[in-house]
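**Q** Dropping the sequence and predicted coords here.
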Amino acid sequence: MAYLKVEIGDLKQQIYELCDAEVFIGRNPSCQICLDSCVVMRRQAVVIRGHADVMRGPIVSGMPRVTRILTGDGTHHLLDLDSKTGTFLNGERLSCLKSRELRDGDLIQIAETTFSFHQETPPQ
């Protein structure tokens with residue numbers, strides 16, 4: 001099972017298994033990965049199991065409505081959810097609502113937190 005490991009930040013060494021089809025990262029306590037930072041959006045980004053085709057819809061409650069069409073092809077993709085502060089993959093800012101495939105060892109930066117992505121089961 002794939003996972004994210006915190007490399008830099010308050011939660012350093014914390015491991016998050018990517019069990020769900022969608023794992024949300026943000027400030028909102030409902031996110032599977034909750035970051036306590038005023039510069040992180042309520043829902044900043046999402047890691048999606050499978051490929052994601054994304055369509056932007058109307059803004060609802062101040063957040064863009066996003067439709068994701070998932071395919072279970074065994075990959076994981078990272079998607080920035082139109083955040084103001086940006087989500088970075090290996091130092092490159094992601095384009096809004098365009099998913100990028102994750103590869104083993106990739107680094108994801110959101111505000112002052114950096115995660116590494118791993119394809120295999122985390123060590124016990």
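**A** Yep, it's here. Numbers count the residues shown, from 1 in each chain.

**Q** give me the beta-bridge partners of the residue nearest the centre of the chain?
**A** Nearest to the geometric centre of the chain sits V46, at 3.5 Å (Cα atoms, centre = their mean). Beta-bridge pairing for V46 (DSSP bridges): F24, L79.

**Q** gap between it and L79?
**A** According to Cβ to Cβ, to the nearest Å, V46 and L79 sit 5 Å apart. To be clear about C-beta, it is placed using only N, CA and C from the backbone, and glycine gets the same treatment.

**Q** if I look at the residue nearest to the centre of the chain, how far off is E92?
**A** In terms of Cβ to Cβ, V46 sits 18 Å off from E92.

**Q** what sits against the nearest residue to L35 once chain neighbours are set aside?
**A** Excluding its sequence neighbours, the residue lying closest to L35 (Cβ to Cβ, 6 or more residues apart in numbering) is T113, at 5.6 Å. Contact analysis of T113 by Cβ atoms under 8 Å, 6 or more residues apart in numbering lists 6, 8-11, 35, 37.

**Q** Verify the stated contact: I25 with A45.
**A** Yes. Counting by Cβ atoms under 8 Å, I25 touches A45, with 4.8 Å between them.

**Q** pLDDT below threshold where in the protein?
**A** 51-73, 122-124 (pLDDT under 70).

**Q** any shared contact partners between I25 and A45?
**A** The contact lists of I25 and A45 share I110, where a contact means Cβ under 8 Å, 6+ apart.

**Q** V40: neighbour count?
**A** Neighbour count of V40, defined by other Cβ atoms under 10 Å: 23.

**Q** Please point out which parts of stretch 105-112 sit buried.
**A** By 16 or more other Cβ atoms under 10 Å, the buried positions in stretch 105-112 come out as 106, 108-111.
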